[in-house]
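S.K.: Here is the input, now give the coordinates:
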Amino acid sequence: MGRIDDLADRHVDEWAALNPTGATYAGIKGYDDQLDDLSPDGFAAQADLTRRTLASITEVEPTSESERVAKEAMVERLGLELERYDAGEVTSELNVISSALHGMRMVFDLMPTEGEEAVANIAARLGKFSAALEQYKVTLQEAAAAGHVSPRAQMIEVAKQCDTWTDPGGDNFFHGLVDGLQADDTLTAELKRGASAATAATAAFGEFLRKTMAPIGRDKQAAGRERYQLASRYFLGARVDLDETYAWGFEELARLESDMRAVSARIAGSGASIDDAVAALDADPGRRIEGKEAFRDWMQALADKALVDLHGTHFDIPEPVRRIECCLAPTSDGGIYYTAPSEDFSRPGGCGGRCRRASPRSRPGARSRPCTTRVCRATTCRSHRRWSGPSCSTAGSGCSAGRPGTARAGRSTPSGSWTTSVTWKTRATSSACSTARRSGPRA
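M.R.: Presented below is the predicted three-dimensional model:
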């Protein structure tokens, strides 16, 4: 191995120790019983690691093509991570799609559940949930005091998500998690205590957002040009002309609205509105799938077909990543999302999260296009995962993959948006990965 490979290995080893939830997302063993330090010092420690690695790697010359690619990817990602941290984006980020809270909640979806050690890890993490949220409160308040705060509307909506996750009469995530686990009496008691504590802590965090953070939150959700430029660079891995991009976006919106009206007319007759078409689909028994297992099977068949159709036409997909495991999400507050595979692919990528509960009736017509889109984007993520991180970036609304070099699958970003650094682990980049062929500049 070359020096860049050594630096990458060391960086990811140190990163995993600072980011246990990210380690689980990446499939790095040894951290499944821990949670991240979400205090200001914890975020600062991750930034310091990134700063040290960036300083070291800029002084090293690559000795091979693979090292050149690895160095370019590391410098680009690590540099942007530091820009985001220094701008206050990392410590203040809070929205219905991405936050340290979502990363902690979703990490349980990816944890093994069979065997005493696996169940003990879940119990340990549940036991640490309350302390982590207390640390996160301090971080959000310090960021706000420094002038970095998320929009009020997002805080209120996240508080509502906390209500949903902790609803004693409905979709209580934590108790639903432990109810399905097999353990002896002692461990079962620990699981139940942890679930109760995590439930109480999450409910209290929702109240903290409502009463403490929302009153000082930003009035507008718009980021502003400067912040948006940084966010777009981080998301896309490239600088784009924002004026040109927005103009194209409005053109695409007009085209899509025209297509929607045309499809609505085909479904519900000439002059029908989109609402008319939705009502017609809802009223047609042939457009429904009865039962959560049937919906999962339909989603799996769609994902499999999309992969077959995409491979060799729009993408060259390496064999290890030609599998997406479709499940039903353990919460009911979001849409379809994608979770990346472990670095050794022993855990496949997943669309939707682990199957625990779901609404009994789901309409395929309302899911087919979004799911196909997710499959396509997840494929892009996975094809490039060896040169990028496993970080998810928007659970709730689905996969937000975007470019060669950034895995943004089914987001919740593992705590603090630092997960992309795992990308350069030598063992994750040791074999060649085919480059995805996009069918057009705006694919």
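
S.K.: Show me where this protein dips below the pLDDT cut-off.
M.R.: 1, 332-336, 352-443 (pLDDT under 70).

S.K.: Out of all residues in it, which is the farthest from the middle?
M.R.: residue 270 (40.3 Å; Cα atoms, centre = their mean).

S.K.: Quick check: that residue is in a strand.
M.R.: No - per DSSP: H, G, I helix; E, B strand; the rest coil, residue 270 lies outside any strand segment and is coil.

S.K.: distance of it from residue 264?
M.R.: According to Cβ to Cβ, to the nearest Å, residue 270 stands 10 Å off from residue 264. Every C-beta, even on glycine, is put in place using the N, C-alpha and C of the backbone.

S.K.: same for the host helix or strand of residue 50, what does it pack against?
M.R.: Assigned by DSSP states H and E, residue 50 belongs to helix 40-57. Other helices and strands packing on helix 40-57, by 3 or more Cβ pairs under 8 Å, 6 or more residues apart in numbering; DSSP states H and E, are helix 3-18, helix 65-86, helix 89-92, helix 116-145.

S.K.: If you tally nearby residues, what's the number for the closest residue to residue 120 other than its chain neighbours?
M.R.: Nearest non-adjacent residue to residue 120, counting by Cβ to Cβ, 6 or more residues apart in numbering: residue 187, 6.3 Å away. Around residue 187 there are 17 other residues, counting by other Cβ atoms under 10 Å.

S.K.: Please apply the same query to residue 246.
M.R.: 12.

S.K.: where's it relative to residue 225, distance?
M.R.: 11 Å.

S.K.: Please apply the same query to residue 135.
M.R.: 32 Å.

S.K.: try residue 161
M.R.: Residue 161 is 29 Å from residue 225, by Cβ to Cβ.

S.K.: okay, these two: which has more neighbours?
M.R.: Shown here are residue 161 and residue 225; by other Cβ under 10 Å, residue 161 has more neighbours (21 against 9).

S.K.: Isn't that one up against residue 97?
M.R.: No - using Cβ atoms under 8 Å, residue 161 makes no contact with residue 97, being 10.2 Å away.

S.K.: How many neighbouring residues does residue 35 have?
M.R.: For residue 35, using other Cβ under 10 Å, the count is 25.

S.K.: so what's it up against?
M.R.: 20, 21, 104, 125, 128, 129, 131, 132, 415 (Cβ atoms under 8 Å, 6 or more residues apart in numbering).

S.K.: my read: residue 116 touches residue 188, true?
M.R.: No - counting by Cβ under 8 Å, residue 188 is not a contact partner of residue 116; they are 11.5 Å apart.

S.K.: Comparing the two, which residue is more hemmed in?
M.R.: residue 188 (15 against 11).

S.K.: Give the full set of residues in contact with the more buried one.
M.R.: Contacts of residue 188 (Cβ under 8 Å, 6+ apart): 178, 181.

S.K.: roughly how far apart are it and residue 197?
M.R.: With Cβ to Cβ as the criterion, residue 188 and residue 197 are 15 Å apart.

S.K.: In the chain, what residue spans correspond to strands?
M.R.: 289-290, 324-326, 338-339, 349-351, 361-362 (DSSP state E).

S.K.: do you know which of the helices and strands packed on helix 40-57 lies nearest residue 252?
M.R.: helix 65-86 (26.0 Å; Cβ to Cβ).

S.K.: The closest one packs against which elements?
M.R.: Using 3+ Cβ pairs under 8 Å, 6+ apart, helix 65-86 sits against helix 3-18, helix 40-57, helix 89-92, helix 225-236.

S.K.: looking at these, which is buried most?
M.R.: Comparing the helices and strands packed on helix 65-86 by mean neighbour count (mean count of other Cβ atoms under 10 Å), helix 89-92 comes out on top with a mean of 22.
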